[in-house]
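Chemist: Need a 3D model of the sequence below.
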Amino acid sequence: MGQKKKKTPSNVLGTNRKARFNYFVEESLECGIVLKGTEVKSLKASQFSFTDSFVEIVRDEMFLNKLHITPYNFGNINNHSPERSRKLLAHKKEIHKLEKKVNERGYTLIPLKFYLKDGLVKVEVGLCKGKKDFDKRDTIKKKDQDRDAARNFRNDY
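Modeler: Down below sits the predicted model:
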């Protein structure tokens, strides 16, 4: 009898709500992230901002740019620099596939979510295409309609 491996619940550290509003997310990819010293403690304390961040592919490697991780309060003089570029870990085949789509069709790579998985910090990177203004208005209208429908449903019961 084989035992099933328990799936550990993932702790979400932060989600990029602006990305879902400004972009159509075509597909997503889970990546590891290379961090130094106290960056992990700052991330676990939700001391980071990634609203303007993006992923760049350089020489078959992915780098996360404009991710601001606040220096850890109890760190020493060896604290990290808040705005440095951080390497993302993914398989070469996945990187090549994403690079082709980004170069050909005008897509961009945006970090969607940071979370803990088995004690490691992971990043969900989305392959995104920018929304036009009328698409954003449609998104707002749909969200308002869903909220009104939920409110009416609650009031009816």
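
Chemist: ok now the longest helix anywhere in the chain, how far from the chain's centre?
Modeler: Identified as the longest helix of the chain according to DSSP state H is helix 133-156. Average the C-alpha atoms of helix 133-156, do the same for its chain, and the two points are 25 Å apart (Cα atoms, centre = their mean, to the nearest Å).

Chemist: Can you list the helices and strands that that helix packs against?
Modeler: Secondary-structure packing of helix 133-156 (3 or more Cβ pairs under 8 Å, 6 or more residues apart in numbering; DSSP states H and E): helix 17-22. Every C-beta, even on glycine, is put in place using the N, C-alpha and C of the backbone.

Chemist: how many other residues sit next to the nearest residue to Y23 once chain neighbours are set aside?
Modeler: Leaving aside its sequence neighbours, Y23 sits nearest to C128 (Cβ to Cβ, 6 or more residues apart in numbering; 3.5 Å). For C128, the neighbour count with other Cβ atoms under 10 Å is 22.

Chemist: C128 and F24 touch, don't they?
Modeler: Yes - contact criterion Cβ atoms under 8 Å: C128 and F24 qualify, at 6.5 Å.

Chemist: Is there a neighbour count for V123? I'd like the number.
Modeler: V123: 25 surrounding residues under other Cβ under 10 Å.

Chemist: can I assume the residue nearest to Y23 sits in a strand?
Modeler: Yes - looking at C128 with DSSP: H, G, I helix; E, B strand; the rest coil, it is inside a strand.

Chemist: Look up how far K132 lies from the nearest residue to R86 once chain neighbours are set aside.
Modeler: Excluding the flanking residues, the one nearest R86 by Cβ to Cβ, 6+ apart is L64, at 4.7 Å. When distance is defined by Cβ to Cβ, to the nearest Å, L64 is 26 Å away from K132.

Chemist: Look up phi and psi at Y72.
Modeler: phi -70, psi 130 (degrees, to the nearest 10).

Chemist: does F48 have beta-bridge partners, and which?
Modeler: Note on F48: beta-bridge partners I69, judged by DSSP bridges.

Chemist: Tell me if I'm right that it and V40 touch.
Modeler: No - contact between F48 and V40 fails when scored by Cβ under 8 Å: they sit 10.9 Å apart.

Chemist: circling back to that earlier point, for the residue nearest to Y23, what are its contacts?
Modeler: Counting by Cβ atoms under 8 Å, 6 or more residues apart in numbering, C128 touches A19, Y23, F24, V25, E26, Y107, T108, L109, I110.
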